[in-house]
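Asks: Give me a 3D structure for the following:
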Amino acid sequence: MNQAEVLCHSSGPWKKHKYFQKIGEGANAVYKYARKNITGDEYKARENAAKENSKNDQHLAENAAKEGRASAANLLLRRAERYGRKAAKAEYDYRTKSLKGVTESAISRGQSIIDNLFGKGTEKRTIRDTMTGKTRTPSAPKSKSDTINIKELSKKNKMFK
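Replies: Modelled structure (predicted):
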């Protein structure tokens, strides 16, 4: 009996876990380990194949339209759209059904939240002078003498000690 089968016959809160599937009712209920695709490779393969087929059909439709075969071009365009929908479905399945895709989506969402909170460094800051009310954009120091070293300043000035 493997580890999954041992878990299926024991009791505990793990039975509410999404990877276990309940089969049967009452005392005869058995919990089956529902396998979840970890890498999502087959979803990626389906997506790539559908995108390739869609691209090929679009190319064939363009050639048919140039040759004056409008009905063939329309059929090929509809088939290309169908492949596009299949590619989108495979990409959605990758993001939602595979552990790797779910993890990548979470990381992507987290990164976009961080970028929104802290900015990407492209925004310009402005400083308002409280005395005059004028604003200015701070610039980088032009020479080493423009920077202040707090440690050196505290060594020179006894007030900071």
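Asks: Now for residue 115, how many residues are close by?
Replies: 11 (other Cβ atoms under 10 Å). For the C-beta atoms, the positions are set from N, CA and C on the backbone; glycine is no exception.
Asks: which residues in this structure form strands?
Replies: Taking DSSP state E as the criterion, the chain contains strands spanning 20-23, 30-33, 127-128, 135-136.
Asks: Sheet-wise, list the partners of the third one with their directions.
Replies: Meaning strand 127-128. Here strand 127-128 has these sheet partners by DSSP bridges: strand 135-136 (antiparallel).
Asks: contacting residues around the strand it pairs with?
Replies: Strand 135-136 has contacts (Cβ atoms under 8 Å, 6 or more residues apart in numbering) with 126-129.
Asks: ok, 10 Å please
Replies: Contacts with strand 135-136, where a contact means Cβ atoms under 10 Å, 6 or more residues apart in numbering, come from 125-129.
Asks: Run through this structure and note the low-pLDDT ranges.
Replies: 1-23, 26-38, 119-125, 141, 144-161 (pLDDT under 70).
Asks: Now do the helices in it.
Replies: Assigned helices in the chain, in chain order: 3-9, 41-66, 70-97, 99-118, 150-156 (criterion: DSSP state H).
Asks: Now do the buried residues in the fourth one.
Replies: Looking back up the chat, that one is helix 99-118. With burial defined by 16 or more other Cβ atoms under 10 Å, the residues of helix 99-118 counted as buried are 100-101.
Asks: In TSV: the helices of the chain, plus distance to residue 136.
Replies: Shown next, in TSV, are these (distance: least, Cβ to Cβ, whole Å):
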stretch	distance to residue 136
helix 3-9	65
helix 41-66	50
helix 70-97	45
helix 99-118	22
helix 150-156	23
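Asks: and of those, who's closest to residue 137?
Replies: Comparison of those against residue 137 by Cβ to Cβ identifies helix 99-118 as nearest, at 18.8 Å.
Asks: wait, which of the contacts of strand 135-136 is closest to residue 25?
Replies: Taking Cβ to Cβ as the measure, residue 125 is the one of the contacts of strand 135-136 closest to residue 25, at 64.1 Å.
Asks: Would you mind giving the domain segments of this protein?
Replies: Per the record, the chain has its domains at 3-33, 41-118, by automatic domain parsing.
Asks: From one end of the longest one to the other, what's the distance?
Replies: Same thing as domain 41-118. 34 Å (Cα to Cα, to the nearest Å).
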